[in-house]
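Participant: Mind looking at a prediction? Sequence and model below.
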Amino acid sequence: LVDTRGQLVPEWKNLMEDYADRFIAGTDTYKQDRWIDLELHVDFIKSWLGQLTSASAGQIARGNIARLFPVEN
């Protein structure tokens, strides 16, 4: 996904920009000790999302999950 400098690999960047409606960014805490590294995982996600256009990043970070699992008020 990223190179040694933390930059998105061009193929991944192009794929996510072209198909932003098909990606969801997230992390999980499937076991208790994953909470220790949660901030690292979130920072990693934010770092590569920040390299995308704001429209693509917003769709991957929030838009797609909201579309797939709408919250009813």
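Facilitator: Nice, thanks for sending it over.

Participant: Give me the phi and psi for the residue nearest the centre of the chain.
Facilitator: Nearest to the mean C-alpha position of the chain, counting by CA atoms, centre = their mean, stands Ala25 at 2.9 Å. Recorded main-chain torsions at Ala25 are phi -90, psi 140, according to degrees, to the nearest 10.

Participant: Can you verify my assumption that it contacts Gly63?
Facilitator: No - applying CB atoms under 8 Å, one finds Ala25 not in contact with Gly63, separated by 10.7 Å. Bear in mind the C-beta positions are built from the backbone N, C-alpha and C, glycine included.

Participant: From the chain's centre, how far out is the longest helix along the chain? Work that out for me.
Facilitator: The longest helix of the chain (DSSP state H) is helix 38-49. Here helix 38-49 shows a centroid-to-chain-centroid distance of 8 Å under the convention CA atoms, centre = their mean, to the nearest Å.

Participant: CA atoms only: put it into CSV for me.
Facilitator: Output of helix 38-49 as CSV, limited to C-alpha atoms (Å, rounded to 0.1, in the frame of the first residue of the first chain):
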residue,chain,number,x,y,z
LEU,A,38,-5.1,1.4,17.8
GLU,A,39,-3.7,4.9,17.6
LEU,A,40,-0.9,3.6,15.3
HIS,A,41,-3.4,1.9,13.0
VAL,A,42,-5.6,5.1,12.9
ASP,A,43,-2.5,7.3,12.2
PHE,A,44,-1.5,4.9,9.4
ILE,A,45,-4.9,5.2,7.8
LYS,A,46,-5.0,8.9,8.1
SER,A,47,-1.5,9.2,6.5
TRP,A,48,-2.5,7.4,3.3
LEU,A,49,-6.0,9.0,3.2
